[in-house]
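Engineer: Got a predicted structure here, sequence first:
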Amino acid sequence: MSRRGLETGLSAGLLVAALGGIAWATGEPFVFPSLGPTAFVLAFRRRGGHSRPSRIVGGHAVGAVVGFATYALVAPGVTLAPSLSAASTDTLRLVASAAVSVAATGWGMVELDVVHPPACATTLIVSLGLLSTPQSVAIIVASVVVLVGVHRGTDALLGETRGDAPGDTSSQG
């Protein structure tokens with residue numbers, strides 16, 4: 001077992017646990033599936049373009065807003081369920097909402113230089129009707145801001161030495 005693997009796993013788990021505490025205390029969905037890969041990216045890539053806070057927050061914000069807009073326009077009132085009706089209009093609306101939201105999120109992230117692949121999962125969560133209210137979208141963005149803040153805070157406390165190459169200051173953000 002490598003030290004880096006253990007540190008990465010523990011760090012990612014603690015980042016999600018911090019949000020879990022907020023979710024537990026508030027009863028709001030401060031933990032959702034796309035935060036897992038984001039926590040891992042933060043924990044594994046201590047520095048660099050992929051873990052730049054503006055990319056992470058911006059990417060998820062694009063995904064959440066685009067997902068909400070797409071859902072509101074294409075599939076309002078329909079929600080992804082374990083069993084969907086074959087060849088139904090509602091299922092087609094969800095499929096269209098998902099496809100359009102991923103396409104638009106990808107385009108938006110590239111154009112705004114906030115590429116963060118886990119945000120494509122965020123857009124699906126919203127566009128499939130799982131967290132598709134304005135309040136949910138705000139909570140999604142707040143969750144990501146808190147996740148990045150907790151990560152930066154723990155790095156500051158630990159001196160940002162875990163996982164960094166000696167002398168690497170190339171892409172701090």
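Structural biologist: That came through, no problem.
Engineer: make it CA atoms for all contacts and neighbour counts henceforth
Structural biologist: Noted.
Engineer: How is the residue sitting furthest away from the middle of the chain assigned, secondary-structure-wise?
Structural biologist: Among residues of the chain, the one most distant from the C-alpha centroid is Ala87; the distance is 30.7 Å, by C-alpha atoms, centre = their mean. Under the three-state scheme (DSSP: H, G, I helix; E, B strand; the rest coil), the conformation of Ala87 reads as coil.
Engineer: dump the residue contacts of it.
Structural biologist: Ala87 makes contact with no residue, according to C-alpha atoms under 8 Å, 6 or more residues apart in numbering.
Engineer: Could you do Leu19 as well?
Structural biologist: When the contact criterion is C-alpha under 8 Å, 6+ apart, the partners of Leu19 are 30-31, 143, 146-147.
Engineer: Can you give me the separation between it and Gly106?
Structural biologist: Summarising the geometry, the distance separating Leu19 from Gly106, computed by C-alpha to C-alpha, to the nearest Å, is 26 Å.
Engineer: residue ranges for the strands of the protein, please.
Structural biologist: Secondary structure of the chain (DSSP state E): no strands present.
Engineer: can you list the weak-confidence ranges in it?
Structural biologist: Within the chain, the segments meeting pLDDT under 70 span 46-51, 159-173.
Engineer: which stretches of it form helices?
Structural biologist: Along the chain, the stretches classed as helices by DSSP state H are 3-26, 35-44, 53-74, 89-112, 119-127, 134-158.
Engineer: How far does the second one sit from its chain's centre?
Structural biologist: The offset between the C-alpha centroid of helix 35-44 and the centroid of the whole chain comes to 9 Å, using C-alpha atoms, centre = their mean, to the nearest Å.
Engineer: Likewise for the last one?
Structural biologist: Going by C-alpha atoms, centre = their mean, the spacing between the C-alpha centre of helix 134-158 and its chain's C-alpha centre is 10 Å.
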